[in-house]
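# I'd like to go over a predicted model; first the sequence, then the structure.
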Amino acid sequence: MPENFEPPLFNLRPRDFGKDFVWGVSTAAYQIEGAHDIHDKGVSIWDRFVSKKGNISQGQHGRIACDFYHRYQEDILLMKAMNIPHFRFSLSWTRLLPDGIGNVSEEGIAFYNRVIDFCLEYDITPWVTLYHWDLPHALEKKGGWTNRDILGWFETYVRLCAESFGDRVKHWMILNEPMVFTGAGYFLGVHAPGRKGLKNFLPAVHHAVLCQALGGRVLRDALPDAMIGTTFSCSRISSFTDRTKDIKAAEKADALLNRLFIEPSLGMGYPTESVPVLQKIEKYQKTEDSKDCIFDFDFIGIQNYTREVVRHSYTVPYLHAKIVKASQRNVKITTMDWEVHPPSLYAMIGKFNAYKKIKKIIVTENGAAFEDRLQNGKVTDSERTTYIKAYLEQIHKAQKDGLKVSGYFVWSFTDNFEWAEGYRPRFGLVYVDFDSQKRTVKDSGKWYACFLGSQNGR
Ligand code: IFM
């Protein structure tokens, strides 16, 4: 029996989190939209990456995914029926600018106008992420995130989004989890565009850090009243033992996984004292860059699922640290082999709260994949409900301890395309039968609906 997880005695109501607390669900374009080549939509790095054998589990892809492109009304109505007031989704760059720059797709603009207008008609607030990993392939051919020209390409794209949707969208996030798309996509090669090594990773990191701030400035200039944030993946890092070597390894992993993108944006520079190899970023830096990395975000989105246990390893280059898999640690895990560890969320809220310049923290993703089964029209996913309740208790505890956390979005609304893992990990509150596209609200979704409904005395 896993030893680490006690189901919560949950007796909280939404009002216990404060009347302005934001409740929602999160998604991303490539993971749900499908319609990968409709009208003049351009090809993204994920459109390319999925077509290469061996990249995605069972050769799966997001060409149809949840077909949200055609079913957005059904999904938003379902959100409404589930009392969900805030919907976070991302824009597909190649749906709007098929070649990344240049010609604008009127069909793409019209699609997001329909989605936004439909949300507003049903009183659901749209929260828009500008970049959730689907870079235009045309730009990747020119070097993608490793080419400093991305600053100009990104600026054009952000300006277009602000002009097209800023009259109705008031909540924006610049990047989704830059550590993941640079680490998995430009260092390990397991995500699009499948590039590897420091020579790709370091420039990609630096340009992402600059774009994170630049995107903020472009939005602030175009939409002075907008709420502007950006999001980070983060996990509490525990040392495998209390040996100095393991403690040091954990510290390095923490710098890389949790500090690399936030600290330059706060004017603190890169955490080179913990990860000396980051000094090589200097090669890509220009004089004004440390100033241009800074932006005063209205909120920071933290995305926490698990904790990582880290030990020293001679064989891992640069970091000399390696993650000890959760499945080897006799702890409660999800389909992703991620440890269920609610205190990790509390720790991450505390960690970001400790940066004095951060004004507001919103948990823009949290959730879990379990082996869901649709049986007699029902998905009895009590593990997911228990997970969500346990993590919500940590948010509540954080609030009681005076930490400034004021929102929670479940990842995800529907089951969807989980990148290299394909469709096996199901994260949704709503089950999707990917053959028929039929949606079935899981027991966890019913619980979330009921919980949110209790806000209005329903
Ligand atoms: O599916 C992803 C999402 O795209 C980014 N954050 C983590 C989720 C679960 O892995």
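Cool, the structure landed.

# how deep is residue 197 tucked in, by neighbour count?
Residues near residue 197, counting by other Cβ atoms under 10 Å, number 12. For glycine as for every other residue, the C-beta is placed from the backbone atoms N, C-alpha and C.

# How much space separates the closest residue in space to it that isn't next to it in sequence from the ligand?
Excluding its sequence neighbours, the residue lying closest to residue 197 (Cβ to Cβ, 6 or more residues apart in numbering) is residue 187, at 6.8 Å. Using Cβ to the nearest ligand atom, to the nearest Å, residue 187 is found at 17 Å from the ligand.

# How far off centre is stretch 389-405?
Between the centre of stretch 389-405 and the centre of its chain there are 20 Å (Cα atoms, centre = their mean, to the nearest Å).

# Can you tell me the closest non-neighbouring residue to the most centrally placed residue in the chain?
The chain has residue 176 as the residue nearest its centroid, 4.7 Å off, counting by Cα atoms, centre = their mean. Distances taken as Cβ to Cβ, 6+ apart place residue 132 nearest to residue 176, at 4.1 Å, with adjacent residues excluded.

# List the residues that contact that neighbour.
Counting by Cβ atoms under 8 Å, 6 or more residues apart in numbering, residue 132 touches 28-31, 90, 176.

# mind redoing it with 6 Å?
Counting by Cβ atoms under 6 Å, 6 or more residues apart in numbering, residue 132 touches 28, 90, 176.

# In helices, which of the residues you listed appear?
Counted as lying in helices by DSSP state H, out of the contacts of residue 132, is not a single one.

# from those residues, which is closest to residue 444?
residue 28 (19.7 Å; Cβ to Cβ).

# CSV please, covering the contacts of residue 132 and showing pLDDT.
Listed next are those as CSV, based on pLDDT from 0 to 100:
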residue, pLDDT
28, 99
90, 99
176, 98
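
# Please go through the residues you listed and note which also touch the ligand.
Taking Cβ under 6 Å from any ligand atom as the test, the ligand is in contact with residue 28 out of those.

# count of neighbours near residue 274?
Neighbours of residue 274 (other Cβ under 10 Å): 17.

# Residue 40 versus that one, what's the distance?
Distance, residue 274 to residue 40, by Cβ to Cβ, to the nearest Å: 46 Å.

# can I assume residue 213 is in contact with residue 296?
No - judged on Cβ atoms under 6 Å, residue 213 makes no contact with residue 296 at a distance of 9.4 Å.

# do you know how far the nearest residue to residue 103 once chain neighbours are set aside is from the ligand?
Excluding its sequence neighbours, the residue lying closest to residue 103 (Cβ to Cβ, 6+ apart) is residue 97, at 7.1 Å. The spacing between residue 97 and the ligand, counted by Cβ to the nearest ligand atom, is 21 Å.

# Around residue 97, count how many other residues there are.
Residue 97: 23 surrounding residues under other Cβ under 10 Å.

# hmm, back to that, which one's more surrounded, residue 213 and residue 296?
Neighbours per residue (other Cβ under 10 Å) separate residue 213 from residue 296, with residue 213 holding more: 21 against 15.

# Which element is encountered next along the chain beyond the lengthiest helix in the chain?
Across the chain, the longest stretch assigned as helix under DSSP H is helix 198-222. Once helix 198-222 ends, the next helix or strand along the chain (criterion: DSSP states H and E) is strand 227-233.

# The stretch 51-200 of the chain against the ligand: which residues are in contact?
Checking the stretch 51-200 of the chain against the ligand by Cβ under 6 Å from any ligand atom, the hits are residue 177.

# What residue in the stretch 51-200 of the chain comes nearest to the ligand?
Nearest residue of the stretch 51-200 of the chain to the ligand: residue 177, at 5.5 Å (Cβ to the nearest ligand atom).

# In space, what's closest to that residue - neighbours in sequence excluded?
Nearest non-adjacent residue to residue 177 (Cβ to Cβ, 6+ apart): residue 233, at 4.1 Å.

# element containing residue 309, please.
Assigned by DSSP H and E, residue 309 falls in strand 307-312.
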